[in-house]
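Trainee: I'd like to go over a predicted model; first the sequence, then the structure.
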Amino acid sequence: MVTSVTNLGRSGLYDWVVQRVTAVILALYTLFLLGFVVASPDMQYGQWQGLFACIWMKVFSLAALISICAHAWVGMWTISTDYLKAAAIRFAFQLVCAGFLFVYLVWGIDILWSV
């Protein structure tokens, strides 16, 4: 049996669970933000800034940010292992994806916690 060191989990079941859990977190986050926007039709910057200044919203946003990175990594890893057969090309693709996800995560954390 071949063990890949580039996937998030150690088995397909673990990756499947990660995809489902992160999808639920992202759905809840999206529904919450949509509900907040719909419930505040005349929303001003102060209300939006006040929402993101709350520690629970920062934690919820951080969970969503980590979830989108984990969700994207599992998806891109699956695509790369299914369609890119040359090991060097697959590794380069995964390295570029990991680099983008790392930058996205660090940049998102910087924005989120600077509010």
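Mentor: Alright, I've got the coordinates. Because the structure is a prediction, the values reported are computed rather than measured. Numbering: from 1, shown residues only.

Trainee: SS state for D42?
Mentor: Secondary structure, DSSP: H, G, I helix; E, B strand; the rest coil: D42 is coil.

Trainee: number the residues from 619 up from this point.
Mentor: Will do, 619 is the new start, and the previous item becomes D660.

Trainee: report the separation between it and H689.
Mentor: Distance, D660 to H689, using Cβ to Cβ, to the nearest Å: 34 Å. C-beta: built from backbone N, CA, C; applies to glycine.

Trainee: neighbour-wise, which of the two wins?
Mentor: More crowded of D660 and H689, by other Cβ atoms under 10 Å: H689, with 19 against 5.

Trainee: looking at it, that one is touching V639, isn't it?
Mentor: No - look at H689 against V639 with Cβ atoms under 8 Å: they stay out of range, at 9.0 Å.

Trainee: which strands or helices does the helix or strand encompassing Q665 pack on?
Mentor: Using DSSP states H and E, the element containing Q665 is helix 663-671. In terms of contacts (3 or more Cβ pairs under 8 Å, 6 or more residues apart in numbering; DSSP states H and E), helix 663-671 is packed against helix 673-701.

Trainee: distance from the chain centre to whatever helix or strand comes next after the helix it packs on, please.
Mentor: Counting by DSSP H and E, the element after helix 673-701 in chain order, helix or strand, is helix 705-731. Counting by Cα atoms, centre = their mean, to the nearest Å, helix 705-731 is centred 11 Å from the centre of its parent chain.
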